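Sequence and computational prediction follow.
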Amino acid sequence: CTYEPEPEQCLLAPSGIAKESTTYAKRVQARRLPRQAGRCRIPVCVNPRKVAPVSESLHYVCPHCHTTNRIAKEQLGNQPDCGSCHQALVTGEPVALDNDSFARHTGRSQVPVVVDFWAPWCGPCRMMAPAFAQAAQQLAGQAQLAKLDTEAYPQAAAPLGIRSIPTMVIFREGRELARI
């Protein structure tokens, strides 16, 4: 191409080096090639008119093997598969959590994770379960809904101060956003 980038548009400039510094100028000069029939002097230049937009990626934890996957935000609606177990990442069903998977899902996921703290003997918890499953289908890809049995895994619920059930807590990247 005949486009010659300005120093600010060159990928050779790391963010920590000032563009006017002599170190930067030496690095650019060292990478220059002799001009060849319509080619850029800097082989890794960025032509702003030809660069495709970079898609934003998210960390999404697999509901089956609990491995963190990086996927493009726009791919959530296209039924992406886990890179480890090759099963569907977005299932539309609540994920059953234990102590380890609770920490992984709430700490690593960049989509909101709504956790229902429940117990098998709790009548209101059992009454709410079908509506929670329906919400998981409707919010598939936008949020991940999960259930944690506080009777079987009290160690996960105790640090959060869960005093009554059913309790729903919304997490994002390890932080509690809301509680109902």
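Nice, thanks for sending it over. Numbering: from 1, shown residues only.

okay, and for the protein, where does confidence drop off?
1-55 (pLDDT under 70).

Please enumerate the strands of it.
With DSSP state E as the criterion, the chain has strands at 57-61, 68-72, 95-97, 113-118, 144-149, 167-172, 175-179.

can you list the ones you listed in CSV and add mean neighbour count and distance to Pro80?
Quick note: C-beta positions are derived from backbone N, CA and C, even for glycine. As requested, the strands of the chain are arranged in CSV below (neighbours: other C-beta atoms under 10 Å; distance: least, C-beta to C-beta, whole Å):
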stretch, mean neighbour count, distance to Pro80
strand 57-61, 18, 8
strand 68-72, 16, 5
strand 95-97, 19, 16
strand 113-118, 24, 17
strand 144-149, 24, 13
strand 167-172, 18, 19
strand 175-179, 11, 24
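
And those: which comes nearest Cys82?
Cys82 lies closest to strand 68-72 among those, at 5.7 Å (C-beta to C-beta).

Paired strands for that closest one, with orientation please.
strand 57-61 (antiparallel) (DSSP bridges).

and the strand it pairs with with strand 113-118, angle?
If you take axes from the mean of the first three to the mean of the last three C-alpha atoms, to 10 degrees, strand 57-61 sits at 20 degrees to strand 113-118.

if we look at strand 57-61, which residues are touching it?
The contact list for strand 57-61 (C-beta atoms under 8 Å, 6 or more residues apart in numbering) reads 67-73, 76, 80, 89-90, 104-105, 108-111, 144.

could the strands of the chain go into TSV alongside distance to Ser84?
Shown next, in TSV, are the strands of the chain (distance: least, C-beta to C-beta, whole Å):
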stretch	distance to Ser84
strand 57-61	11
strand 68-72	8
strand 95-97	16
strand 113-118	19
strand 144-149	17
strand 167-172	22
strand 175-179	25
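
What residues does Gly83 make contact with?
With C-beta under 8 Å, 6+ apart, Gly83 has these contacts: Thr67, Asn69.

rerun at 10 Å
Gly83 makes contact with Cys62, Cys65, Thr67, Thr68, Asn69, Arg70, Ile71, Leu89, according to C-beta atoms under 10 Å, 6 or more residues apart in numbering.

same question, Val111
Counting by C-beta under 10 Å, 6+ apart, Val111 has contacts 58-61, 73, 76, 90, 139, 141-144, 172-173.

just so I know, which of the strands of the chain lies nearest Pro159?
Among the strands of the chain, strand 175-179 sits nearest to Pro159 (C-beta to C-beta), with 10.8 Å.
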